[in-house]
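Q: kindly generate the corresponding structure for this input.
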Amino acid sequence: MSSEARLDIIERRLTSVIDRYLPYLGLAIGTIVTPFMVDGSAEYWLVTGGLVAVAATWSYVFTTWLAVRASDPRTGAVYVAGPLVLLVMFVARAAPPAPRSPRPLSAPGPHLPCASSPSTRRHTLVVRTPSPS
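A: Next up is the predicted model:
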């Protein structure tokens, strides 16, 4: 067997291992690092743990059970769409909550004068600038 044939065999094996196990490595790293970055409650970890299980199952199904069908354009699109949706969900879970407004929007305060149109009930902002004298 030539050295080129041996390198091809090694490359195919390595590619197969990377394709099968890299998603799990990414999930493991994210799961290990997240507690240092996000101070989550028990509810947070239950939901996030569920998302990790769904992502791991998704990867398992498409890299083991449907590996051949994943090369089909329709099945491949479903395979790619799933991790993208899960990625958005993971990012949303890790994002800090939006800061609360210091005062409600209906609180009294300085307002600009508004003119109202009775036919449409829409409010139009009218800003009056002083005319030059």
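Q: just give the nearest non-adjacent residue to residue 82, would you?
A: Among residues not flanking residue 82 along the chain, residue 58 sits closest, at 5.0 Å (CB to CB, 6 or more residues apart in numbering). Backbone N, C-alpha and C define where each C-beta goes, glycine included.
Q: what segments of this structure are helices?
A: Assigned by DSSP state H, the chain shows helices spanning 3-37, 42-60, 73-94.
Q: reformat the ones you listed as a markdown table; add mean pLDDT.
A: Listed next are these as a markdown table, based on pLDDT from 0 to 100:
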| stretch | mean pLDDT |
| --- | --- |
| helix 3-37 | 85 |
| helix 42-60 | 88 |
| helix 73-94 | 85 |
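Q: with respect to residue 130, which of those helices lies nearest?
A: helix 73-94 (47.9 Å; CB to CB).
Q: who touches the closest one?
A: Contact partners of helix 73-94, identified using CB atoms under 8 Å, 6 or more residues apart in numbering, comprise 23, 30, 34, 37-38, 44, 47-48, 51, 54-55, 58-59, 62, 66, 69-70.
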